[in-house]
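Chemist: predicted coordinates and the sequence they were generated for:
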Amino acid sequence: MQRTTMDLWVGLFVVTGIVALMILSLKVGNLNVYNPSQSYTITGNFENIGGLKVRAPVKSAGVVVGRVTDIQFSTETYDAVVTLSMDSRFSFPKDTFASILTSGLLGEQYIGLAAGGDEVKLQHGDKLMKTNSAMVLEELIGRFLFNKAAEDDSL
Amino acid sequence: MFKHIVSGIQNIGHRVIESVWRLGVATRFFLLVLLKSGTSLRRFGLVIRELYFTGVLSLIIIVVSGLFVGMVLGLQGYETLQKYGSESAVGTLVALSLVRELGPVVAALLFASRAGSAITAEIGLMKATEQLAAMGMMAVDPIARVVAPRFWAGVISMPFLAAIFSVMGVFGGYLVTVVFIGVDEGSYWSQMQSAVDFRFDIVNGFIKSCFFGVAVTAIAVFEGYDAPPTAEGVSGATTRTVVTSSLVILGLDFILTAFMFRGVS
């Protein structure tokens, strides 16, 4: 085979490979929407994080606005310290309410943010003041049974 | 009786020593190829010629199998997921299984049987017809001139082939679930995009395919160079290349997965 034709085919092959890698990172991996270089981090203390995992999405009004980057246990307050990496395009008021929610009945857990009314915005390194723990099924059932027992007693 | 037992144990010992010795020879050969690859990197035309044979000619099998693997994944995933009413997650299933595992592994298995066996047969036959010895006579190092370009061509083409395989698979899944079955197109892509992470899934899959490329081509060139210079020897070496590299790919995949995805998500 001619040398130039071979070069052409190899060039086409390499270009196809690079295009495939680009498609994987941009179309499948969605690299462009969430760029960690343009982000700010905030932390929040949660009494119980349930099944929340690192890399879980942070959503506000159902839109992904950030990701969970770290989950630590605090020995000072004996609760979970969750670090959130937020997209810098979205800033939230200081009194934003964060709660751990579940998408669907069996879906993954995520952090839902409900914006407050404060004038001051959350800055890099700030702490979320108002948090709501994950719903734990056992505790819920326990509370229900306890209430039921109390009702029966009062009758 | 006693003599039989002794000879049996001797046999085991002989085999163990033989295989350890062979592993040592293979490692030395691998290091020698790396040391002598300066020539092939300077004369890059040699590598381009081999890229044509290992990469371009493997494209068809990679594209077609990628498409069909993606289509089957889409069908089977839809069948199972629709029982739970979450058929929109089929994009996630197809993309994650392709990018993390099936893309690198199946592409490497196909690459081993398509290109690895060809490399072994070519080098083995060159050795059997004493072309390698003739090169040595003319003060041309056969490792630098014949083995190293083939090695580097395989190492370069493997990640590209794995990426093309994954893309074709994702497209095949799209074809079956969105176009034929009628899953919502928006949720196919958006669920996929929210689940697939660039660093953890795509980069790790890419690293895996690089490892597989090095392993498959190293085995292929060694088996070819080490083949007994007979017709039977070359055929045995070709078989050994496919068997050994398939086993190494699957074993290596488990080790790499254990390191990469431990404790993540």
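Modeler: Here it is on my side, so go on.
Chemist: can we go C-alpha only for contacts and neighbour counts from here?
Modeler: Will do.
Chemist: just the element for the residue in chain B that chain A sits nearest to, please.
Modeler: Going by Cα to the nearest Cα, chain A is nearest to B:F160 of chain B, at 4.3 Å. Here B:F160 sits within helix B:148-174, counting by DSSP states H and E.
Chemist: buried stuff in the following helix or strand past that helix?
Modeler: Remark: after helix B:148-174, the chain's next helix or strand is helix B:185-195, criterion DSSP H and E. For helix B:185-195, the neighbour count (16 or more other Cα atoms under 10 Å in any protein chain shown) marks B:187-195 as buried.
Chemist: quick check: the residue of chain B closest to chain A touching A:V14?
Modeler: Yes. Here B:F160 lies in contact with A:V14, judged by Cα atoms under 8 Å, at a distance of 7.1 Å.
Chemist: more neighbours: the two, which one.
Modeler: Shown here are B:F160 and A:V14; by other Cα atoms under 10 Å in any protein chain shown, B:F160 has more neighbours (27 against 19).
Chemist: re earlier: quick one: the helix holding B:F160 to helix B:185-195, angle?
Modeler: With axes from the mean of the first three to the mean of the last three Cα atoms, to 10 degrees as the basis, helix B:148-174 and helix B:185-195 are set at 130 degrees to each other.
Chemist: what parts of chain A come near chain B?
Modeler: Remark: the part of chain A in contact with chain B comprises A:6-7, A:9-10, A:13-14, A:16-18, A:20-21, A:23-25, A:27-31, A:53-55, using Cα under 8 Å from any Cα of the partner chain.
Chemist: B:L81: what's it in contact with?
Modeler: Going by Cα atoms under 8 Å, 6 or more residues apart in numbering or on different chains, B:L81 touches B:87, B:89-90.
Chemist: and it, what element?
Modeler: Using DSSP H and E, B:L81 sits within helix B:59-81.
Chemist: ok, now A:G112?
Modeler: Counting by DSSP H and E, A:G112 is part of strand A:109-114.
Chemist: pull up the pairing partners for that strand, direction included.
Modeler: Paired neighbours of strand A:109-114 in the sheet (DSSP bridges): strand A:57-60 (parallel), strand A:97-102 (antiparallel).
Chemist: what lies in contact with it?
Modeler: A:51-53, A:56-62, A:96-103.
Chemist: let's go with 10 Å and repeat that
Modeler: If you take Cα atoms under 10 Å, 6 or more residues apart in numbering or on different chains as the criterion, strand A:109-114 is touched by A:49-68, A:82, A:84, A:92-93, A:95-103, A:131-134.
Chemist: of these, grab the buried ones for PyMOL.
Modeler: To isolate the buried ones among these in PyMOL, judged by 16+ other Cα under 10 Å, type:
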select buried, chain A and resi 49+52+53+54+55+56+57+58+59+60+64+65+66+67+68+82+84+92+93+95+96+97+98+99+100+101+102+131+132+133+134
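Chemist: follow-up on the earlier one: my read is that the residue of chain B closest to chain A contacts B:C210, right?
Modeler: Yes. In this structure, B:F160 is within contact of B:C210 by Cα atoms under 10 Å, at 9.3 Å.
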